[in-house]
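1. no sequence for this one, just the structure:
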């Protein structure tokens, strides 16, 4: 297995087990690889749009659909909570976990708190509408805002 695949699998294993994005130095230590070998693997994953690296710190900001920073989209499954980048990604986190989940989020229009329950792989019906302010073709123009 190549290093970028090992890095990606480790990142997701850590996310799922802890709910937290691993730091680059911790990935290096866990995989027994030098930091200067991990950075190119992360850059490759970023170029493939599998991760998004913080341009200032070089740490992983997003490992889709998970967020490495607190957001208004929190997914709880079992005893672990995860942050997602948006409501759509919240559903993706629940799907990736293959477990029932509760999504606590906030309406981007009115600020109302919303809870979406995912049971047996499906969100329970709720009277909400999802609106995407940016067309999907333009998400990568500014993936943090989107």
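-> Structure's in. What do you need? Everything numeric here is computed off the predicted structure, so don't read it as measured data.
2. wasn't residue 36 part of a strand?
-> No. Per DSSP: H, G, I helix; E, B strand; the rest coil, residue 36 lies outside any strand segment and is helix.
3. can you pull the contacts of the nearest residue to residue 19 once chain neighbours are set aside?
-> In space, residue 19 comes closest to residue 80 once its chain neighbours are excluded; the distance is 4.5 Å by C-beta to C-beta, 6 or more residues apart in numbering. Backbone N, C-alpha and C define where each C-beta goes, glycine included. Going by C-beta atoms under 8 Å, 6 or more residues apart in numbering, residue 80 touches 17, 18, 19.
4. buried members of the residues you listed into ChimeraX, please.
-> Applying 16 or more other C-beta atoms under 10 Å to the contacts of residue 80, the buried members can be selected in ChimeraX as follows:
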select :19
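5. dump the contacts of residue 80 into JSON lines; add pLDDT, secondary structure and distance to residue 139 as well.
-> Formatted as JSON lines, the contacts of residue 80 follow (pLDDT from 0 to 100; DSSP: H, G, I helix; E, B strand; the rest coil; distance: C-beta to C-beta, whole Å):
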{"residue": "17", "pLDDT": "96", "secondary structure": "helix", "distance to residue 139": "28"}
{"residue": "18", "pLDDT": "96", "secondary structure": "helix", "distance to residue 139": "27"}
{"residue": "19", "pLDDT": "96", "secondary structure": "coil", "distance to residue 139": "24"}
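6. so what pLDDT did residue 104 get?
-> Residue 104 carries a pLDDT value of 97.
7. tell me the SS of it?
-> What three-state DSSP gives for residue 104 is strand.
8. surely it and residue 71 touch.
-> No. Counting by C-beta atoms under 8 Å, residue 104 stays clear of residue 71, with 10.8 Å between them.
9. the helices in this structure, which residues?
-> 3-18, 24-31, 35-47, 87-97 (DSSP state H).
10. so which of these is nearest residue 130?
-> Nearest to residue 130 among the helices of the chain is helix 87-97 (5.9 Å), distances taken as C-beta to C-beta.
11. tilt between the closest one and helix 3-18?
-> Helix 87-97 runs at 90 degrees relative to helix 3-18, counting by axes from the mean of the first three to the mean of the last three C-alpha atoms, to 10 degrees.
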